[in-house]
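Engineer: missing the sequence, but the structure's below:
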């Protein structure tokens, strides 16, 4: 389909809470999901990282996430639950600020409940990297960026210059 421009840090649309996807939206969203795939793959080639993208990052104010780790996973109207008390600290990165890393804390485990492309409800228990990734993307749907979750005012680094 097409590589979309990724909205960058500071753009006011990144701070909006997204609207739920309705079942009647699904046919219209299929080409958008293809665009999200192409955008993630293009970003990976240019920057060497990128596992997922949320719809608001390409200008669509809908609760839609595209994840590509080992295979594509589309999350429609995702909801997080069962957030573990155990937290992990990590240097988070984002396609909307590709040259900046932010040290954040995320739940080590969580469950995500979502609708798939056939409007069937699914639920997945996530741990570690996948847990933090989906939390990051759901934050985008709620208008929250990793920079707002920084653990302190020293939790910022130019990508590649992070220190523990």
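Structural biologist: Alright, I've got the coordinates. Note that the structure is a prediction, hence the values are computed from the model and not measured. Numbering: from 1, shown residues only.
Engineer: could you use CA atoms for every contact and neighbour count after this?
Structural biologist: Will do.
Engineer: so what secondary structure elements neighbour the helix or strand of the chain with the lowest mean pLDDT?
Structural biologist: Ranked by mean pLDDT, DSSP states H and E, the weakest helix or strand in the chain is strand 156-158, scoring a mean of 93. Contacts defined by 3 or more Cα pairs under 8 Å, 6 or more residues apart in numbering; DSSP states H and E place strand 156-158 against strand 97-107.
Engineer: now do the strand it packs on, average pLDDT.
Structural biologist: The average pLDDT within strand 97-107 is 96.
Engineer: give me the distance from it to the chain's centre.
Structural biologist: Its chain's C-alpha centre and that of strand 97-107 lie 12 Å apart, by Cα atoms, centre = their mean, to the nearest Å.
Engineer: quick one: contacts of the least confident helix or strand of the chain?
Structural biologist: Applying Cα atoms under 8 Å, 6 or more residues apart in numbering, the external contacts of strand 156-158 come out as 99, 100, 101, 102, 103, 150, 162.
Engineer: so who does the third one touch?
Structural biologist: Contacts were defined as Cα under 8 Å, 6+ apart; by that measure residue 101 touches 91, 92, 93, 94, 156, 157, 158, 159, 162.
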